[in-house]
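*Asks:* Here's my sequence, what's the structure:
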Amino acid sequence: MEFFSLKDKVAVITGAGSGLGLATAVRFSQAGAKVVMADINDASELAAENGCHFIRADVTKESDVEALLEQTYIKFGRLDIMINNAGIILPEQLLTDAVIEDFKRLYEVNVFGVVYGLKYAPRYMNDGGVILNTASNSANGDYAGYGAYISSKCAVVGLTKAAAIELAPRRIRVNCICPNTIDTPMAYAEGCETELKVMSITTPLGRMCKAEEAAALYHFLASDDCRYITGEDIYIDGGLKAGPSIQLIDQLLKSIEANQ
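*Replies:* Take a look at the predicted model:
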């Protein structure tokens, strides 16, 4: 028996042109899935290199997401897995200094991109399918200045739970993963340096998550072996949620002793 096989499953992954989305697309393709990589930027060459199909889609546009899923169904005749992964981050910005247009732009991608995926994927999906959303450990709280991102990922967790209940009669499972900072281009976005600077100190495992490690969790959740897991927000954070790291405590103690 082959465990965690995705053979002949049809999967759509948004934000698949780089980072976690790309790593997931590659892994799913290697596991036997027929993968549609969706991105706002042209990733057709990347898709071809990895045995995938590319469809351009802007997840902030409801019509694009609907067309993405319709075209997938027309091409493959089915949809088994939908991964709402596209996301952005903003430069650090205190709530008292919030630029509302920035908030709206982030919500259009991080929240409404997921809403549209949850709205249209079930229309084309087989009963027993899987929807996976990319949230973040930020849904459990994060640093000052990350209010827009934190709240958007809290929304993704909430949407995941609501969809899991609503789609359970069709045996469509809905889960989300909550990674800490993943070593992708988004981690190095200008104006978001705080988390990058302290990651090795605050995280018990002392490093960022690798895209391939988060993709492995998506692989696990997408497989038929996990048919009893739904409505979960699963953290992949190097122990961050468990408590303060040893290296952080050491740094604090040294600082206290130096100031006594």
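
*Asks:* Every contact and neighbour count from this point should use C-alpha atoms.
*Replies:* Will do.

*Asks:* the strands in this structure, which residues?
*Replies:* In the chain, the segments counted as strands under DSSP state E are 10-14, 34-39, 53-56, 81-84, 130-134, 173-179, 233-236.

*Asks:* May I see these organised as JSON lines, with distance to residue 255 and mean neighbour count added?
*Replies:* Formatted as JSON lines, the strands of the chain follow (distance: least, C-alpha to C-alpha, whole Å; neighbours: other C-alpha atoms under 10 Å):
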{"stretch": "strand 10-14", "distance to residue 255": "44", "mean neighbour count": "27"}
{"stretch": "strand 34-39", "distance to residue 255": "46", "mean neighbour count": "27"}
{"stretch": "strand 53-56", "distance to residue 255": "51", "mean neighbour count": "22"}
{"stretch": "strand 81-84", "distance to residue 255": "43", "mean neighbour count": "28"}
{"stretch": "strand 130-134", "distance to residue 255": "37", "mean neighbour count": "27"}
{"stretch": "strand 173-179", "distance to residue 255": "29", "mean neighbour count": "26"}
{"stretch": "strand 233-236", "distance to residue 255": "29", "mean neighbour count": "20"}
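
*Asks:* would you list the ones you listed in TSV and tack on distance to residue 114 and mean pLDDT?
*Replies:* Below are those laid out as TSV (distance: least, C-alpha to C-alpha, whole Å; pLDDT from 0 to 100):
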stretch	distance to residue 114	mean pLDDT
strand 10-14	10	98
strand 34-39	13	98
strand 53-56	16	98
strand 81-84	6	98
strand 130-134	7	98
strand 173-179	11	97
strand 233-236	15	96
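
*Asks:* Would you mind putting those into CSV with distance to residue 227 alongside?
*Replies:* Supplementary listing: those in CSV, determined by distance: least, C-alpha to C-alpha, whole Å:
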stretch, distance to residue 227
strand 10-14, 17
strand 34-39, 20
strand 53-56, 27
strand 81-84, 13
strand 130-134, 9
strand 173-179, 7
strand 233-236, 15
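
*Asks:* who wins for proximity to residue 152 among these?
*Replies:* Comparing the strands of the chain against residue 152 with C-alpha to C-alpha, the closest turns out to be strand 130-134 (10.9 Å).

*Asks:* quick one: contacts of the closest one?
*Replies:* The set of residues external to strand 130-134 that reach it, using C-alpha atoms under 8 Å, 6 or more residues apart in numbering, is 80-86, 114, 118, 156, 160, 172-178, 218, 221-222.

*Asks:* So for residue 94, which of the strands of the chain sits nearest?
*Replies:* Among these, strand 173-179 comes nearest to residue 94, with 22.7 Å by C-alpha to C-alpha.

*Asks:* Point out the other elements, helices or strands, that that closest one touches.
*Replies:* Contacts defined by 3 or more C-alpha pairs under 8 Å, 6 or more residues apart in numbering; DSSP states H and E place strand 173-179 against strand 130-134, helix 147-167, helix 211-222, strand 233-236.
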